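[1] Here is my input; please provide its structure:
(2 chains)
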Amino acid sequence: MTIAKHSTDLSPAGQPSRWRVLSWQVAGLLLILGLWWLVTDVLKLYPPYVFPGPKAVWTEVSYGLWGTGPQDGKLLGAIGGSLRRVLTGYLLAVLLGGVVGLLMGAWLPLRATLGAYLTGIQSVPSIAFVPFAILFFGLNERAVLFVVILEGFIPVALAVSGALLNVPPALRVAGRTLGARGLGLTLRVLLPASVPNVLTGLRTAWSFAWRALVGGELLIAGVKSLGEQLEIGRNTANVALVLATIIIIGVIGGLFDTLLRAAETRVRRNYGLEVPQ
Amino acid sequence: MTRLTIPTLLTLTLLTTAAAQDVQTVRLGFFPNLTHAPALVGLERGTFQKALGKVKLDAREFVSGTTLTEAFAAGQIDIAYVGPGPAINAAGRGMPVQFLAGASEAGAVLVVRKDSGIRSYRELAGKTVAVPSLGNTQDISLRHLLNENGLKSRTDGGNVTITPIAPADVLAAFAARRVDATLVPEPWGAALEAQGHRVIGSEKTVWRDGKYPTTLVIVNAKFAQANPQLVTAFLKAHTDTVAFINRSPAAAQTAVNAQLLKLTGTKLDPRVLQRAFARTRFTTSLDLAALTEYARLNVEAGYARSAPDLTPFLRR
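    Next up, the predicted model:
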């Protein structure tokens, strides 16, 4: 919550260009792939059923994503199922978190009770809720959605209520002076002022929801999902499929995080909290 | 993600290879199921330990072929009782595995919940069916059974939900109405039946008139190469145990129950055990034709892209 004036973001000198960062990232990736290939396919330090090489993993990725055989394309279906599930859960979590956060921000008793409990619940790994969710909803998608929503709404609620409370007093005073009161003050002054911090909460909520999703799907098979692909890979001694699925989970999680981070940066710049390099 | 995965796997493999190859003990893997009765009876009667002499038998119980295969791949298990599904997968992925002998045939039944209203295979449409684990022997059989009846799993675009539940937990899942049916190995089928649930697929109608392997004995090929006498001794103990089971089923059932009590803390009703026994055949022979067909079903179920030639994996 520090205002950017005091942070290092403003330092105009010494910021590497975007292309330089990107080229280092590509080089790093190639280095990792090279090392992986060296250890597995060239030196054969590990048997392929323990640690398959990049080629075997790539085969699984390609069959799973654009293979045309009767048993191919399963990873693509899994990605579709998982994305649909996480987006549904995430949207519901954002709605729920927004409402709960607003209420907590506006009303001390709720903040003092629920706010404190939510921090506690947030510290419980999402996978711990799965057995309860299965008992409550059965072995189905709703159990997965429950875990996703539960994990996703807490960071949103905490971010919204926190952001409302941390709006600079000057804005509050200014709003009052101009005649805004109660709900009007919240909606027209406090909420717009909170947007940058709320966005940070949304980004955290995304990564929580994504992790909760894969955890839930691992235990609730029977629906097309990345979790099920992990489970099948494990059960059929297909480590290449396990690694392929892990990579896909990481790539999707990272892509969404990058998108949300870009949105966050843009908003922070618009609010004058960050200066473009 | 690769950044995280590589060091983790490296550490894991280093740890497991360090623990491998200790000729002072023979590490045996098995499940507490009736289809693994030769393991249970052999342990209860001390037959294996006697045959191994001074070499200590370290018997480890597993709940599914998955964890057992993982332990096998990591070199933590030398000999194992396991279903053909995991055994074929291990062979297909190039693990050092040898098929030593058969252990049991048939012994898997399709049970439906008493209030599910299902009377035939076709009525499984739209229902949830439990199997011990995805990709295991019963799962592959179930997918074939569905296929033959014009049905498909939900993940293959059909409307039958296949969900993995450990056999011991299926009774609770039935009671909670979480699943409608299950393809399980014995004694869980008989145990469900004792609670009023109905068998709609007997061990004979599930596949090949009941002439299919349910449990095999596999051995780590490297271990077998390094310790041929131990493997021969174990194989003889296994053969003796199977002969004992077929000669004195009543005594074998008592032994199974005694071992189950030690492993799981619960005993089965003798009548349940007897019924489960009647549906399972114990044998040491390996039907290569049936296994090969099984490998083909594994491909049909989508768990492998090609069926491996199993001949090189048989122990001569």
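[2] The strand or helix carrying residue B:99 packs against which elements?
    Secondary structure assigned from DSSP states H and E places residue B:99 in strand B:97-106. Under the contact criterion of 3 or more CB pairs under 8 Å, 6 or more residues apart in numbering or on different chains; DSSP states H and E, strand B:97-106 touches helix B:37-44, helix B:84-92, helix B:203-206, strand B:213-220, helix B:221-226, helix B:228-247, strand B:280-282. C-betas here are computed from N, CA, C, even on glycine.
[3] Is the fourth one in proximity to chain A?
    No - where contact is defined by CB under 8 Å from any CB of the partner chain, no part of strand B:213-220 touches chain A; the two come within 12.0 Å at best.
[4] and the residue of the stretch 101-250 of chain A found nearest chain B, how many neighbours?
    Distances between the stretch 101-250 of chain A and chain B by CB to the nearest CB are smallest at residue A:250, namely 3.3 Å. Each residue near residue A:250 was counted by other CB atoms under 10 Å in any protein chain shown, and the total is 16.
[5] tell me the pLDDT at it?
    As summarised for this prediction, residue A:250 has a pLDDT of 95.
[6] and if you look at residue B:66?
    Reading off the confidence values, residue B:66 has pLDDT 85.
[7] What of residue B:223?
    In this prediction residue B:223 is given a pLDDT of 94.
[8] thinking it is in contact with residue B:234, fair?
    No - taking contacts as CB atoms under 8 Å, residue B:223 lies outside contact range of residue B:234: 10.4 Å.
[9] Return every residue with contacts to both of the two.
    In terms of CB atoms under 8 Å, 6 or more residues apart in numbering or on different chains, residue B:223 and residue B:234 are both contacted by the residues residue B:79.
[10] about what we covered before: which of the helices and strands packed on strand B:97-106 has the lowest average pLDDT?
    Averaging pLDDT over each of the helices and strands packed on strand B:97-106 singles out helix B:203-206 as the lowest, with a mean of 87.
[11] give me phi/psi at residue 110?
    Unless you meant another one, I'm taking chain A. In terms of degrees, to the nearest 10, the main-chain angles of residue A:110 are phi -70, psi -40.
[12] that's the wrong chain, I wanted chain B
    Dihedral angles of residue B:110 (phi, psi; degrees, to the nearest 10) stand at phi -100, psi 110.
[13] Could you measure from it over to residue B:121?
    To residue B:121, residue B:110 is 8 Å away according to CB to CB, to the nearest Å.
[14] Between those two, which is the more surrounded one?
    residue B:110 (25 against 21).
[15] For the nearest residue to the more buried one once chain neighbours are set aside, give me its contacts.
    On the basis of CB to CB, 6 or more residues apart in numbering or on different chains, the spatially nearest residue to residue B:110 that is not a chain neighbour turns out to be residue B:201, at 3.0 Å. Listed by CB under 8 Å, 6+ apart, the contact set of residue B:201 reads B:109, B:110, B:121, B:145, B:183.
[16] Please repeat the previous calculation with a cut-off of 10 Å.
    For residue B:201, the residues meeting the contact criterion (CB atoms under 10 Å, 6 or more residues apart in numbering or on different chains) are B:108-112, B:120-121, B:124, B:141-142, B:145, B:181, B:183, B:189, B:207.
[17] any idea how far residue B:106 is from it?
    Counting by CB to CB, the separation of residue B:201 from residue B:106 is 11 Å.
[18] cool, and residue A:181?
    When CB to CB is applied, the distance between residue A:181 and residue B:106 equals 79 Å.
[19] of the two, who's got more company?
    Higher neighbour count among residue A:181 and residue B:106: residue B:106, with 23 against 9, using other CB under 10 Å.
[20] Up against chain A, what does the stretch 201-316 of chain B have?
    Counting by CB under 10 Å from any CB of the partner chain, the residues of the stretch 201-316 of chain B close to chain A are B:298, B:299, B:300, B:301, B:302, B:303, B:304, B:305.
[21] Quick one: the strands in chain B, in order.
    Under the criterion DSSP state E, chain B carries strands at the ranges B:25-30, B:56-61, B:79-82, B:97-106, B:108-112, B:128-131, B:161-164, B:181-185, B:198-201, B:213-220, B:280-282.
[22] Quickly run through the sheet partners of the third one, with directions.
    When pairing is defined by DSSP bridges, strand B:79-82 lines up against strand B:25-30 (parallel), strand B:213-220 (antiparallel).
[23] ditto for the last one
    When sheet partners are counted by DSSP bridges, strand B:280-282 sits next to strand B:97-106 (antiparallel).
[24] Just the buried residues of the strand it pairs with, please?
    Taking 16 or more other CB atoms under 10 Å in any protein chain shown as the neighbour-count basis, strand B:97-106 is seen to contain the buried residues B:97, B:98, B:99, B:100, B:101, B:102, B:103, B:104, B:105, B:106.
[25] does the fourth one really touch residue B:236, like I thought?
    In other words, residue B:100. No - if you go by CB atoms under 10 Å, residue B:100 and residue B:236 don't touch, sitting 11.3 Å apart.
[26] low-scoring stretches of chain B, by residue?
    B:1-22, B:316 (pLDDT under 70).
[27] if we go to 80?
    Along chain B, the model assigns pLDDT under 80 to residues B:1-23, B:315-316.
[28] Excluding sequence neighbours, find me the nearest residue to the residue sitting nearest the centre point of it.
    Centroid-nearest residue in chain B, with CA atoms, centre = their mean: residue B:83, separated by 3.4 Å. The shortest distance from residue B:83 to any residue other than its chain neighbours is 3.4 Å, reached at residue B:137 (CB to CB, 6+ apart).
[29] Could you do residue A:33 as well?
    When the adjacent residues along the chain are set aside, residue A:33 lies closest to residue A:54, with 5.6 Å between them (CB to CB, 6+ apart).
[30] Regarding that neighbour, what are the backbone dihedral angles?
    Dihedral angles (degrees, to the nearest 10) for residue A:54: phi -60, psi -30.
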